[in-house]
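K.L.:
The amino acid sequence is not available; the structure is as follows:
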């Protein structure tokens with residue numbers, strides 16, 4: 001009799017631990033933390049590119065390389081900044097204003113558009129950080145910015161957020177999805193990041 005009671009207690013304990021871990025994993029806060037990670041990855045590209053431009057300008061003795069490169073990078077960053085804000089708003093609206101099936105199609109569309117913008121940015125910064133014919137500038141700058149990997153994580157986070165939001169009602173759902181547009185997820189202005 002005691003063995004059966006012990007077995008039942010162990011099974012209940014295992015079930016409770018597994019349920020607690022699943023609940024923690026599926027929590028809304030965890031689902032959207034990738035937004036901050038993405039913001040940081042984008043912002044971290046700027047000082048790396050500027051550092052490389054500085055190295056080229058110093059080697060060539062031409063400060064115009066740095067000046068013009070910073071202006072060009074600022075334009076590309078500005079495009080990305082606008083698209084990042086638009087993407088988060090669109091994804092929030094996809095979830096709030098559609099059925100689950102329509103929301104998923106809507107989110108796939110906007111994620112693909114963001115991926116294309118990220119690819120364009122990656123190609124641009126890759127071009128700027130290659131040797132570009134300047135002799136004596138050693139190697140290429142390694143930048144941790146993989147558009148496919150980033151957008152896959154974002155897509156998964158929003159799909160999880162969509163599922164979580166489906167279990168919420170009214171204001172709770174609106175507040176939860178509103179955090180995607182919070183100030184802490186906005187890209188810092190280029191002038192600030194480029195310091």
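P.N.:
Received it, and whenever you're ready, just let me know what you need. Bear in mind the structure is a predicted one, so any value in this text is a computation, not a measurement. Residues are numbered from 1 along each chain as shown.

K.L.:
On the three-state scheme, the residue nearest the centre of the chain is what?
P.N.:
Among the residues of the chain, residue 38 comes closest to the average C-alpha position under C-alpha atoms, centre = their mean, at 2.5 Å. Residue 38 carries the three-state label helix when classified by DSSP: H, G, I helix; E, B strand; the rest coil.

K.L.:
Nearest residue to it in space, please, no chain neighbours.
P.N.:
In space, residue 38 comes closest to residue 150 once its chain neighbours are excluded; the distance is 5.6 Å by C-beta to C-beta, 6 or more residues apart in numbering. Just so you know, the C-beta spots here come from the backbone N, C-alpha and C atoms, and that holds for glycine as well.

K.L.:
thought that neighbour was touching residue 118?
P.N.:
Yes: Residue 150 lies in contact with residue 118 (C-beta atoms under 8 Å); the separation is 6.4 Å.

K.L.:
Same question for the longest helix along the chain: list its buried residues.
P.N.:
Across the chain, the longest stretch assigned as helix under DSSP state H is helix 63-97. By 16 or more other C-beta atoms under 10 Å, the buried positions in helix 63-97 come out as 65-66, 69-70, 73-74, 76-77, 80-81, 83-84, 87-88, 90-92, 94-95.

K.L.:
before we move on, back to that, between residue 150 and residue 118, point out the one with more neighbours.
P.N.:
Between residue 150 and residue 118, counting by other C-beta atoms under 10 Å, residue 118 is the more crowded of the two (25 against 20).

K.L.:
From residue 54, how far out is the more buried one?
P.N.:
25 Å (C-beta to C-beta, to the nearest Å).

K.L.:
What is the neighbour count of residue 167?
P.N.:
Neighbours of residue 167 under the rule other C-beta under 10 Å: 10.

K.L.:
Quick one, grab the pLDDT at it.
P.N.:
pLDDT, residue 167: 86.
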